[in-house]
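Asks: what would the 3D arrangement of this be:
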Amino acid sequence: MEHSFSGTVFEGGVCIKKRFFILLLTVLILVSFSGCTIVSGIETYLKPPKLSEQHEQIYNALINAEGTKISLKYPKSGNYLSAFVVADIDNEPSDEAIVFYEKTNLTGSDLSTLRINFLDQKNGKWDSVYDFATDGTEVERVFISKLGSSDIKNIIIGIGSRTEKNAQLFCYDGEKKPEPKSLGFYSVMDVTDLNNDASNELIMINNSLAENTAQIKWLDSDGTLVSGPVLNLNENSTEVAQLIYGKINTSATAVYLDSYINTNTIMTEILYPETFNNTIYLNSLRISNAESSQINRTIRNSSLISRDIDNDGIIEIPINTVFKGYEDKPETEQIQMTNWYVYEDNMFIRKYSSFYSITDGYAFILPEKWLESVTIKTINDDVIFCIYDEKTENQTELMRICVAGSAEAEEIINSDQYSRYERIYSNGDTVYLACLPSDSPDPLTLSISEILFNFKVIK
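Replies: Next up is the predicted model:
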């Protein structure tokens, strides 16, 4: 839970969201009176995009080879999101193309409706050279990359069905048919240089009823597919929420794997590469200062995914506690303090404590001098940092943060009532404002430069 407050009505504060809802209601009323329908607008946007000249030529070559009873299929994620992938795959002067499509006139001899077509370009003309049926219904993801010590540029394609995903690797040199090699089933896969040896590896994570595993795969100098040992992951994980990378030392990159335990709960496993007898494999970091296992230390609400909030290449894992004064409050009235932990010297170390607004996309890092002295309350749309006192009426205000649209922000800054608000960050139409007391001799009061330093926009 991000933050909440009781039903008490407060005076003051900036209430932007109410204005937004009024504006939205006005727009909807005007649309209804205009006779326009939202549905017709959506249908307009759902029309297939017009093909570029190059894609039109490739498409014509495809239908010349396979007929007109086809429909294009688009990858669901990754860097290649077009049904047409055009790239120099075989290191020749001209590009090659891959098209994902579906047959709409399936015959008894066809194995699958989803197909992959390879096209080559010679003398400026495209020709279909290979066509493959796939064992699936969706194109999940596409990579084009060398792997390991091989000089071959590979096409790695993830194919999905209703119940599972599997990956295939195509080695394409333009001279012979690129027979697919099965890479096995997966839940999440990615290509990266894990051990900083200037060559990429394929990481495959598999969550299934039978197993939760991680594995690295690559090609040796002869182009032979090599699979590292399988690492068993925590058996309680059900689905990968996120896979990201972060430094753990100067020579290795770790995999931070956020996984669901259930709908509302995730945990983090930190995986790192090791090499033995020229074989790369993944291992799991163990935490020596944990009262329980590494996994239990990172169990938290599913909204708290791991991030590099200060852009130093090291991943922080967020764990919630509560601000002072809310320990005995009902959960619905608590305001959470988010503590950000990093892995260091075989331990989890608290790096920062913060107020973290997931909805508004920012964290304010609490200065160390605030940690035992400051709490939070909310008034309308303001988040107010106060010196803690058991009697809330005696709490001294130190700072406020407000988030508004650009037009509202200008109105706030230029009004007499809110003239002490200053713009501290803008992100598109969203403006973040801070307000300091006009005269506060308290040593806990921050300068604008300190506020700017501790304010982190989290995208």
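Asks: number of nearby residues for the closest residue to residue 143 other than its chain neighbours?
Replies: Spatial nearest neighbour of residue 143, chain neighbours left out: residue 156 (4.2 Å); criterion: Cβ to Cβ, 6 or more residues apart in numbering. C-beta: built from backbone N, CA, C; applies to glycine. The tally of other residues near residue 156 (other Cβ atoms under 10 Å) stands at 21.
Asks: swap in residue 171?
Replies: For residue 171, the neighbour count with other Cβ under 10 Å is 20.
Asks: if I pick the spatially closest residue to it that is not a sequence neighbour, what's in contact with it?
Replies: Closest residue to residue 171 apart from its sequence neighbours, by Cβ to Cβ, 6+ apart: residue 152 at 5.0 Å. Contacts for residue 152 (Cβ atoms under 8 Å, 6 or more residues apart in numbering) come out as 146, 171, 173, 219, 223.
Asks: quick one on the thing from earlier: the residue nearest to residue 143: which element?
Replies: Using DSSP states H and E, residue 156 sits within strand 153-160.
Asks: now the element after that strand, going C-ward?
Replies: strand 165-171.
Asks: tell me the mean pLDDT over that following strand?
Replies: Mean per-residue pLDDT for strand 165-171: 93.
Asks: neighbouring strands - and their directions - for whatever helix or strand comes next after that strand?
Replies: Per DSSP H and E, strand 165-171 leads on to strand 181-186 as the next helix or strand towards the C-terminus. Partners of strand 181-186 in the sheet, by DSSP bridges, are strand 165-171 (antiparallel).
Asks: I figured residue 91 hits residue 172, correct?
Replies: No. Contact criterion Cβ atoms under 8 Å: residue 91 and residue 172 do not qualify, at 10.3 Å.
Asks: who's more crowded, those two?
Replies: Legend: neighbour count by other Cβ under 10 Å for residue 91 and residue 172, higher for residue 172 (21 against 10).
Asks: and the more buried one, how close does it get to residue 180?
Replies: Distance of residue 172 to residue 180, given as Cβ to Cβ, to the nearest Å: 11 Å.
Asks: equivalent analysis for residue 91, please.
Replies: 20 Å.
Asks: do the same with residue 263
Replies: In terms of Cβ to Cβ, residue 263 sits 36 Å off from residue 180.
Asks: neighbour-wise, which of the two wins?
Replies: Between residue 263 and residue 180, residue 180 has the larger neighbour count (other Cβ under 10 Å), namely 17 against 9.
Asks: correct me, but the more buried one touches residue 170?
Replies: Yes. If you go by Cβ under 8 Å, residue 180 and residue 170 touch, sitting 5.6 Å apart.
Asks: rewinding a little: overlap in contacts of residue 91 and residue 172?
Replies: Contact criterion Cβ under 8 Å, 6+ apart; residues shared by residue 91 and residue 172: residue 153.
Asks: what ranges do the helices span in this structure?
Replies: Shown for the chain, the helices assigned by DSSP state H span residues 16-34, 38-45, 53-66, 294-297, 406-414, 448-454.
Asks: weakest of these by average pLDDT?
Replies: Ranked by mean pLDDT, the helices of the chain bottom out at helix 38-45, with a mean of 39.
Asks: any idea of the mean pLDDT in stretch 422-440?
Replies: 88.
Asks: flag every buried residue along that stretch.
Replies: Neighbour-count burial for stretch 422-440 flags 424-425, 430-436 (criterion: 16 or more other Cβ atoms under 10 Å).
Asks: what about the strands in the stretch 251-400 of the chain?
Replies: With DSSP state E, counting those that start in this stretch, the ranges of strands along the stretch 251-400 of the chain come out as 253-262, 265-276, 279-284, 300-301, 317-322, 336-344, 347-357, 362-365, 374-379, 382-387, 396-405.
Asks: so how far is the first one off the chain centroid?
Replies: By that I understand strand 253-262. The chain centre lies 12 Å from the centre of strand 253-262; the measure is Cα atoms, centre = their mean, to the nearest Å.
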